[in-house]
Every structure is written in C-alpha cells, then in structure tokens.
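[1] Predicted model, plus sequence, below.
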Amino acid sequence: FWVLFFMMLLQVVCAVLLVDGLREHWDTEMHTGDHPSGNPYVVGDFFGTVGQALFTLFQIVTLESWCMVVVRPVVHHAPWTLLVFIPNLIVSTVAVLNV
C-alpha cells in the first residue's frame with residue numbers, strides 16, 4: 001500500500017512540475033513522428049495537462065519508447081527536465097522491482 005501511495009505521490013509531483021515548467025514550450029514542435037492529424041507533435045501533446053503528463057510519465061516508467069519519443073525532444077528544448085526525468089525513472093524502477 002505504501003509503495004503505491006509514494007509512487008503515485010512522486011508521479012503527481014513530477015507531472016505538476018513538468019506541466020508548470022514546460023508551459024512556455026507547449027507549442028514547440030517535437031520531431032518524433034507525425035500526429036494522426038498529419039501535424040508534428042508539440043510538447044503540449046505530452047505535457048499540456050496533469051493527466052497528459054501522468055500518462056507520459058507512465059510511458060517513461062514502463063520504458064516504452066521513452067527516450068526517442070519523449071525525453072530527447074523535450075530535453076533538447078528544456079535541459080532542466082533531466083533533473084525530473086532521471087530521478088523519477090530511477091526511483092520508480094527501483095520501487096517497482098522491490099514490490
């Protein structure tokens with residue numbers, strides 16, 4: 001129970017930090033493939049709301065195309081996000097492995 005609680009708390013805190021911190025980059029194009037509408041993805045597609053940021057962080061924690069699709073394009077425009085992504089990934093992975 002407590003591991004799940006602290007994992008969710010960590011995810012929500014990181015999501016709020018990323019949504020608030022990446023607000024100025026919401027319209028920045030990310031060259032990770034095309035959106036189904038034919039337009040390129042923008043940062044706001046991944047971090048526009050807390051819900052979108054939580055889903056993106058879930059994608060990162062499960063290690064599903066996290067590096068090429070999400071982290072590298074975002075870090076290219078906002079290098080400080082590595083200080084959120086890497087500790088979040090390490091803590092979440094260790095927590096999941098210990099359950």
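    In hand now; what should we look at? What you see is a predicted model, and the numbers here were worked out from it, not measured in a lab.

[2] So which residues of this protein form strands?
    29-34, 40-42 (DSSP state E).

[3] Show me which parts of stretch 18-30 are buried, residue by residue.
    For stretch 18-30, burial by neighbour count (16 or more other C-beta atoms under 10 Å) applies to 18-19, 22, 25, 28, 30. No exception for glycine: its C-beta is placed from N, CA and C like everyone else's.

[4] Any chance of those in JSON lines with distance to residue 66 and pLDDT as columns?
    Formatted as JSON lines, the buried residues of stretch 18-30 follow (distance: C-beta to C-beta, whole Å; pLDDT from 0 to 100):
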{"residue": "18", "distance to residue 66": "13", "pLDDT": "93"}
{"residue": "19", "distance to residue 66": "18", "pLDDT": "93"}
{"residue": "22", "distance to residue 66": "16", "pLDDT": "88"}
{"residue": "25", "distance to residue 66": "18", "pLDDT": "80"}
{"residue": "28", "distance to residue 66": "19", "pLDDT": "74"}
{"residue": "30", "distance to residue 66": "13", "pLDDT": "68"}
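
[5] wait, which of those residues is closest to residue 94?
    residue 18 (20.5 Å; C-beta to C-beta).

[6] Could you verify my assumption that the closest one touches residue 81?
    Yes - counting by C-beta atoms under 8 Å, residue 18 does reach residue 81; the two are 6.7 Å apart.
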